[in-house]
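Participant: Whatever this is, show me its structure:
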Amino acid sequence: MSNFEQSESDFYQSNYATDIQDQGYSDSGAHENYNGSQKCQAQESPQPGAFVPLEMLSSSQSYIGQILQPTYNPEFLSHSSYADSFDEEPPLLEELGINFDHIWQKTLTVLNPIKPADGSIMNETDLTGPMVFCLALGATLLLAGKVHFGYVYGISAVGCLGIHALLNLMSIAGVSYGCVASVLGYCLLPMVVLSSCAVFFSLQGILGTLLALIIIGWCSLSASKIFISALAMEGQQLLVAYPCALLYGLFALLTVF
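Facilitator: A predicted model of the protein is given here:
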């Protein structure tokens, strides 16, 4: 019996329990290490939409650019070229067709009927001067006690249509309506002088009639000279001056009476 009890106590006093405990500790340690590694990987791996520090990106990717060195951007080049082209654009008044040099040259050509006209300048649809002269004619008539703004613009529109049709029938090259309106409007400047005289004294008399005839001849001669030079209608100035004299005669009637 004593031998059996000693063998049984030796059996239970073996290192089986300690081996199991050591194995359990080792398994738990491995499990904790595994969980810890998973947590570290979860913390290190960036989630979608999360903020990633620059140091982590620099460690994973290498920056290939250089500091203070611009990169090629075609959009920037296109904008810079557009800015250069914008600086080379003409002024706004020239784009709108308002050239004060040409307006002054046309005015001098009208005021001096003997001076030859420049066809390249006169063949322009510039309506700045005609609008100003029409307003000046209406204003001077208003100062004389005559409200004829509607008559001035109505006669001008109908007269331009008639002269435009006549010149297209007479010339080979043809002419635009804007060019006809521009020339007839600039040649209205002597009529403004006549209406200005009506403010100071009455034109219903011999002096007024002679002055009106001189102004009508002045306007028609200037208009026909410009049309002849712009349309290359040599030898037809008298044919063009006659309908122009009829048109400016209507303005003279408004001014005198």
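
Participant: Could you use CA atoms for every contact and neighbour count after this?
Facilitator: Will do.

Participant: Quick check, residue 182 in contact with residue 131.
Facilitator: No: under the criterion of CA atoms under 8 Å, residue 182 is not in contact with residue 131, lying 9.1 Å apart.

Participant: any idea how far residue 110 is from residue 170?
Facilitator: 23 Å (CA to CA, to the nearest Å).

Participant: neighbour-wise, which of the two wins?
Facilitator: Looking at residue 110 and residue 170 with other CA atoms under 10 Å, you find the greater number of neighbours at residue 110, namely 25 against 14.

Participant: tell me which element the more buried one falls in.
Facilitator: Element membership for residue 110, per DSSP states H and E: helix 100-111.

Participant: packing partners for that helix?
Facilitator: The criterion is 3 or more CA pairs under 8 Å, 6 or more residues apart in numbering; DSSP states H and E, and the helices and strands that helix 100-111 contacts are helix 119-122, helix 177-186, helix 189-200, helix 206-231.

Participant: quick one, the third one and helix 206-231 angle?
Facilitator: Looking back up the chat, that one is helix 189-200. Put simply, helix 189-200 runs at 160 degrees to helix 206-231, going by axes from the mean of the first three to the mean of the last three CA atoms, to 10 degrees.

Participant: relative to helix 100-111, how tilted is helix 189-200?
Facilitator: On the basis of the same axes, to 10 degrees, helix 189-200 is oriented at 70 degrees to helix 100-111.

Participant: And for helix 189-200, what's in contact with it?
Facilitator: When contacts are defined by CA atoms under 8 Å, 6 or more residues apart in numbering, helix 189-200 is touched by residues 110-111, 133, 136-137, 140-141, 143-144, 211-212, 215-216, 218-219, 248, 251-252, 255-256.

Participant: and what of the second one?
Facilitator: Contacts of helix 177-186 from elsewhere in the structure, counted by CA under 8 Å, 6+ apart, are 106-107, 110, 122-127, 129-131, 133-134, 160-161, 163-164, 223, 226-227.

Participant: Got a quick PyMOL command for the buried subset of the residues you listed?
Facilitator: Paste this into PyMOL to select the buried members of the contacts of helix 177-186, with burial taken from 16 or more other CA atoms under 10 Å:
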select buried, resi 106+110+122+123+124+125+126+127+129+130+131+133+134+160+163+164+223+226+227
